[in-house]
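Student: Below is the sequence, then the predicted model.
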Amino acid sequence: MSELTPLVELLGHAPMRLVGQVTTASNAVFLVEVDELPTRYAVYKPVRGERPLWDFPHGTLAGREYAAWLVSEAAGWGLVPPTVLREGEFGLGAVQLWVGDPFAAADQRDLTDVVDVVAGRTVPEGWLSVLEARSDRGEPVLVVHENQPDVRAMAVFDAVANNADRKGSHARRDPQGRLWGFDHGLTMHAEPKLRTALWGWAGQPLPEVEVTHLGELDAALAGGPVAGQLADVLPAADLTALRERTRGLLERPIHPEPSRAWPSIPWPVL
């Protein structure tokens, strides 16, 4: 049993009250208070608040948020905050543990970035370069991310989940230093869509620990509770593709490289 299981049970069943709305989100996103939850707050994304997209079936984003948590837990990555599907004030939606202080001022953030933009052409020690660009003043800058095992694990998770929107702001460390990934509504599509800011290991062999995680996920997808839960929220073609991506990385354990068929880095990158 995961150490997060009690939080999942509370998220799924404890009374939930609407506190406010995240107005900068492209879909309807609400801050809620959940009784008995130690951190008090969660984020609620109702299906009815999802904006229609041309490439993702309408009404499936909340299910994909939940599927991302299932995949992360099944593999043993533990990169996605506890997430459930449940009824709220605006109907069925994804409810996810809010990481950090939702009321912290911009200059008092309690979450740490693992993707950044630095001036010049020198990569800071302990970081990897993803993209060379220029600032709005024409000065050279680099998009970089941390060269850490947990960030690398997130890159593997994104490849399996086919994450189409891993912006830098969607990967942050909490005050204790634990890495979390957020906003996984644009994942699990059957068609290749990997778009991420975490390309620093592209083309390199996967670490053995990540091959082990993929093996755990492959076994879970072959049958059992996780496979059934995913089948409840993902279209059949998407679930089949998830299995194929997992098996493909096991057979050829190499970090994917950016595609030339579609933009490989999200915009904005942060």
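Tutor: The structure has been received and is ready for your questions. Quantities reported herein were computed from a predicted structural model and do not represent experimental measurements. Numbers count the residues shown, from 1 in each chain.

Student: how much distance is there from stretch 171-188 to the middle of the chain?
Tutor: Here the centre of mass of C-alpha atoms in stretch 171-188, compared against the chain's by Cα atoms, centre = their mean, to the nearest Å, lies 5 Å away.

Student: End to end on it, go ahead and measure it.
Tutor: Stretch 171-188 has its terminal residues 18 Å apart, counting by Cα to Cα, to the nearest Å.

Student: Give me the buried stretch members for that stretch, please.
Tutor: Along stretch 171-188, these residues count as buried under the neighbour rule (16 or more other Cβ atoms under 10 Å): 171-173, 179-188. Every C-beta, even on glycine, is put in place using the N, C-alpha and C of the backbone.

Student: Next: stretch 220-233.
Tutor: Residues of stretch 220-233 classed as buried under the neighbour-count rule (16+ other Cβ under 10 Å) are 220, 221, 226, 227, 229, 230, 233.

Student: What does the pLDDT read for the second one?
Tutor: Residue 221 carries a pLDDT value of 97.

Student: pLDDT score assigned to the nearest residue to it once chain neighbours are set aside?
Tutor: Nearest in space to residue 221, with sequence neighbours left out and distances taken as Cβ to Cβ, 6 or more residues apart in numbering, is residue 243 at 4.9 Å. Each residue has a pLDDT score; the one for residue 243 is 98.

Student: Wait, a helix at residue 243?
Tutor: Yes - Residue 243 sits within a helix when classified using DSSP: H, G, I helix; E, B strand; the rest coil.

Student: Can you measure across stretch 218-225, start residue to end residue?
Tutor: With Cα to Cα as the measure, stretch 218-225 spans 13 Å from end to end.

Student: Next, find the distance separating residue 86 from residue 159.
Tutor: When distance is defined by Cβ to Cβ, to the nearest Å, residue 86 is 29 Å away from residue 159.

Student: higher neighbour count, those two?
Tutor: Of the pair residue 86 and residue 159, residue 159 is the one with more neighbours under other Cβ atoms under 10 Å, namely 22 against 16.

Student: ok now do the more buried one, which residues does it touch?
Tutor: 194, 245, 249, 255, 256 (Cβ atoms under 8 Å, 6 or more residues apart in numbering).

Student: Can you give me the distance of it to residue 232?
Tutor: For residue 159, the distance to residue 232 - Cβ to Cβ - is 24 Å.

Student: tally of neighbours for the closest residue to residue 135 other than its chain neighbours?
Tutor: Setting aside the residues directly before and after it, residue 135 is nearest to residue 141 in space (Cβ to Cβ, 6+ apart), at 5.2 Å. Neighbours of residue 141 under the rule other Cβ under 10 Å: 18.

Student: Sheet partners, orientation included, of the one helix or strand residue 141 maps to?
Tutor: Assigned by DSSP states H and E, residue 141 belongs to strand 140-146. Looking at strand 140-146 with DSSP bridges, its partner strands are strand 115-119 (antiparallel), strand 127-134 (antiparallel).

Student: Return the per-residue confidence for residue 8.
Tutor: The model reports residue 8 with a pLDDT of 90.

Student: Might one say that it is in contact with residue 81?
Tutor: No - assessed by Cβ atoms under 8 Å, residue 8 is found out of contact with residue 81, at 9.9 Å.

Student: Between those two, which is the more surrounded one?
Tutor: A side-by-side neighbour count of residue 8 and residue 81, using other Cβ under 10 Å, places residue 81 first with 23 against 17.

Student: if you skip the residues just before and after it, what's nearest to residue 55?
Tutor: Across the structure, with Cβ to Cβ, 6+ apart as the measure, the residue nearest residue 55 apart from its sequence neighbours is residue 189 (7.2 Å).

Student: same check, this time on residue 59
Tutor: The shortest distance from residue 59 to any residue other than its chain neighbours is 5.2 Å, reached at residue 47 (Cβ to Cβ, 6+ apart).

Student: likewise residue 46?
Tutor: The nearest residue in space to residue 46 (Cβ to Cβ, 6+ apart) is residue 93, at 3.6 Å.
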